[in-house]
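>>> here's a sequence, model it:
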Amino acid sequence: MLLIQELVENRRDNVGGFSLEEYRSRISKIVDYVNYKDLDGFLVFNPYNVFYLGLYYYPGKRPVVIFIHKTGKTYGFTPKMEYHEACKLKQLDRVYAYDDDYSSKADLYDFLQRNLKSLHSGINRVAVDELDLNGYKRISEIFSHVSIDDHIMNLRKIKSVEEIKMLKLSAFYSDYIVDKGREMLKPGVTELGLLNRMITETVDKMILDLGEIIYVPGGPAGALVPSGIRTCMPHALPSGKKVEKGDTMILSCGTNVWGYRTECERTFFVGEPDKQRIEAFEAMKKAQQYAIQLMKPGAICQEVEKEVVRYITELGYGDYIKHRTGHGKGLEEHEPPYIAAGDETVMEPGMIFSSEPGIYIEGLSGFRHSDTVLITEDGCEVLTKFPKDLEYCTINI
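Numbers count the residues shown, from 1 in each chain. Now for the predicted structure:
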């Protein structure tokens, strides 16, 4: 609770939950990269990279674009509906608003060309984080050199002190939403009914504690809540199915604070489970803890995956694996790096991962716990704390 109170007291005007210095530091790293690569600037189209630079908006058919010049000057290009909010951001030197109708003057790329050329002469070589095929064609008509570049995503892999603070706070609420679900879990409740009540309780708690929360895609809190044999589908969408006595249920929950997401997932039993379910549950729990133990500086993502798969196979459940061991967490629900075959990323302090190896036995049920894990200087720290033992995860009815 001290962490929550500290965050509330330290909120900055006009910059949301992060300090202006934090955003300027992020921009400075991009400027250094632009100059190192002998570029004139960096165009940011990806909504989550725009969030990373402090401009939160509703992604849709009206793009928001940020341009960072090699001098450090930073400009926002928004539809008119986002203009006044963008103007509040002190990390942007200037904001331009474009029309979003079907008139000839509403073309985004013509708008970018017209204003960028008027701001700085000699903008010819640019990096872009993300474009579709048509966008790439249009941008290539404006600049002589265009490269698609993952640098901002690479920056996002290592979390700053302020980002880690947000993620730790988010983890508190990810635990909280699982706890609310456990309290309400009983025969007769529907998956969707349970989900809606869990979200309402959690968001109300977040508003009470934080005073204000930012709404990004997916909302401040959410979950997948499969029950019975539907737990065999790792990403089963919530349904009107009623929970029954004897069901397995996975509460796959997450929350975000200022867009930074964590997850906490737990497998529950509605009533006493049988021997087959207990054995699968215990194997999953051991594998999930083993994966956490392997997460440390210097560990290679694909090697962690390989070792966890070997461990699960040795326990006799190798044929029941349906997905990778884990993935990065941050502004997106799933983001690089991935604890998966083929990802050669070396784990570094400041990286955030999920640990969620699962076992899925068709016709019986699925079994998965997930925690959000921070790589530290000497190992890792598990940010989500909800109990994982069989006794606590069994609902007595």
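
>>> residues near the residue nearest to residue 352 when sequence neighbours are not counted, how many?
If the residues on either side of it in the chain are set aside, residue 352 comes closest to residue 329, at 4.5 Å by CB to CB, 6 or more residues apart in numbering. Every C-beta, even on glycine, is put in place using the N, C-alpha and C of the backbone. Per other CB atoms under 10 Å, the neighbour tally for residue 329 reads 27.

>>> quick one: the strands in the stretch 201-350 of the chain?
221-224, 248-257, 260-270, 326-328, 335-339 (DSSP state E, counting those that start in this stretch).

>>> any idea which of those gets closest to residue 143?
strand 335-339 (26.7 Å; CB to CB).

>>> what's the first helix or strand after the closest one?
Once strand 335-339 ends, the next helix or strand along the chain (criterion: DSSP states H and E) is strand 352-355.

>>> hey, C-alpha coordinates of that next one in PDB?
Provided in PDB are the C-alpha atoms of strand 352-355 (Å, rounded to 0.1, in the frame of the first residue of the first chain):
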ATOM      1  CA  ILE A 352      10.000  -8.400 -17.800                       C
ATOM      2  CA  PHE A 353       8.600 -11.800 -18.700                       C
ATOM      3  CA  SER A 354       5.600 -14.000 -18.000                       C
ATOM      4  CA  SER A 355       6.300 -17.600 -16.700                       C
END
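
>>> how far off centre is it?
10 Å (CA atoms, centre = their mean, to the nearest Å).

>>> what separates the residue nearest to residue 352 from residue 42, distance-wise?
Using CB to CB, to the nearest Å, residue 329 is found at 24 Å from residue 42.

>>> residue 91 contacts residue 21, correct?
No: with contact defined as CB atoms under 8 Å, residue 91 does not reach residue 21; the gap is 9.7 Å.

>>> who has more neighbours, the two?
residue 91 (20 against 12).

>>> checking that one next. Helix, strand or coil?
coil (DSSP: H, G, I helix; E, B strand; the rest coil).

>>> skipping its backbone neighbours, what lies nearest it in space?
residue 23 (4.3 Å).

>>> so where's the protein uncertain?
Residues of the chain meeting the criterion pLDDT under 70: 1-16, 102-106.

>>> max-length helix in the protein?
Secondary structure assigned by DSSP state H gives helix 161-184 as the longest helix of the chain.

>>> just name the most buried of the strands of the stretch 201-350 of the chain.
Among the strands of the stretch 201-350 of the chain, strand 248-257 has the highest mean neighbour count (mean count of other CB atoms under 10 Å), at a mean of 28.

>>> now it, how far from the chain's geometric center?
The answer for strand 248-257 is 13 Å, by CA atoms, centre = their mean.

>>> quick one, it and strand 260-270 angle?
160 degrees (axes from the mean of the first three to the mean of the last three CA atoms, to 10 degrees).

>>> tell me the angle of strand 248-257 relative to helix 161-184?
Going by the same axes, to 10 degrees, strand 248-257 makes 140 degrees with helix 161-184.

>>> what helices or strands is strand 248-257 leaning on?
Contacts defined by 3 or more CB pairs under 8 Å, 6 or more residues apart in numbering; DSSP states H and E place strand 248-257 against helix 161-184, helix 191-210, strand 221-224, strand 260-270, strand 365-367.

>>> ok, and for the helix or strand in which residue 29 is found, which residues are buried?
Assigned by DSSP H and E, residue 29 belongs to helix 20-36. Buried residues in helix 20-36, counted by 16 or more other CB atoms under 10 Å: 22, 23, 24, 26, 27, 30, 31, 33, 34.

>>> contacts only, for the residue lying closest to residue 248 once chain neighbours are set aside.
Once flanking residues are discounted, residue 248 sits nearest to residue 365: 3.7 Å by CB to CB, 6+ apart. For residue 365, the contact set (CB atoms under 8 Å, 6 or more residues apart in numbering) comprises 228, 229, 231, 232, 247, 248, 277, 280.

>>> turn the strands of the stretch 201-350 of the chain into a markdown table, columns for distance to residue 207.
Formatted as a markdown table, the strands of the stretch 201-350 of the chain follow (distance: least, CB to CB, whole Å):
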| stretch | distance to residue 207 |
| --- | --- |
| strand 221-224 | 11 |
| strand 248-257 | 12 |
| strand 260-270 | 17 |
| strand 326-328 | 28 |
| strand 335-339 | 26 |
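
>>> wait, what's in contact with residue 216?
51, 56, 256, 259, 331.

>>> before we move on, what about residue 261?
Contacts of residue 261 (CB under 8 Å, 6+ apart): 170, 218, 254, 255, 329, 330, 331, 332, 333.

>>> do the same with residue 195
Counted by CB under 8 Å, 6+ apart, residue 195 has contacts 223, 225, 238.
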